[in-house]
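K.L.:
Provided below for reference: sequence and predicted model.
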Amino acid sequence: MINTWLHHLLELLPLPAPLGGKYQGHSLRSGAGSEAFAIALPVAMVAEMMGHASVETTSLSYIKTR
């Protein structure tokens with residue numbers, strides 16, 4: 001469902017994905033996790049907000065650092 005919605009939105013607002021990436025359904029979650037971490041929220045808190053049982057899942061898959 002998110003992929004369909006996101007696909008339609010990107011047709012209206014053609015925004016290139018950063019660094020040649022590809023927008024997918026979890027792009028929104030990953031972006032939110034990355035931004036929360038960027039404003040100094042601890043990884044454990046980001047994991048809790050995202051509903052992850054493991055901090056490793058959050059840090060490896062949902063937090064992108066530059």
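P.N.:
The structure has been received and is ready for your questions. Here the structure is a predicted model, which is why all the values come from computation and not from measurement.

K.L.:
alpha carbons only for contacts and neighbour counts from here, please
P.N.:
Fine.

K.L.:
residue boundaries of the strands in this protein?
P.N.:
With DSSP state E, there are no strands along the chain.

K.L.:
show me where pLDDT drops low in it?
P.N.:
1-3, 5-7, 9-10, 14-28, 66 (pLDDT under 70).

K.L.:
which residues of it fall in helices?
P.N.:
Here the chain has its helices, by DSSP state H, at 2-12, 27-38, 43-50, 55-57.

K.L.:
which residues touch the third one?
P.N.:
Helix 43-50 has contacts (C-alpha atoms under 8 Å, 6 or more residues apart in numbering) with R29, G33, A36, F37, A53, S54, V55, T57, T58, S59.

K.L.:
now do 7 Å
P.N.:
G33, A36, F37, V55, T58, S59 (C-alpha atoms under 7 Å, 6 or more residues apart in numbering).

K.L.:
return a ChimeraX selection command for the buried portion of those.
P.N.:
In ChimeraX, selecting the buried portion of the contacts of helix 43-50, with burial taken from 16 or more other C-alpha atoms under 10 Å, looks like this:
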select :33,36,37,58,59
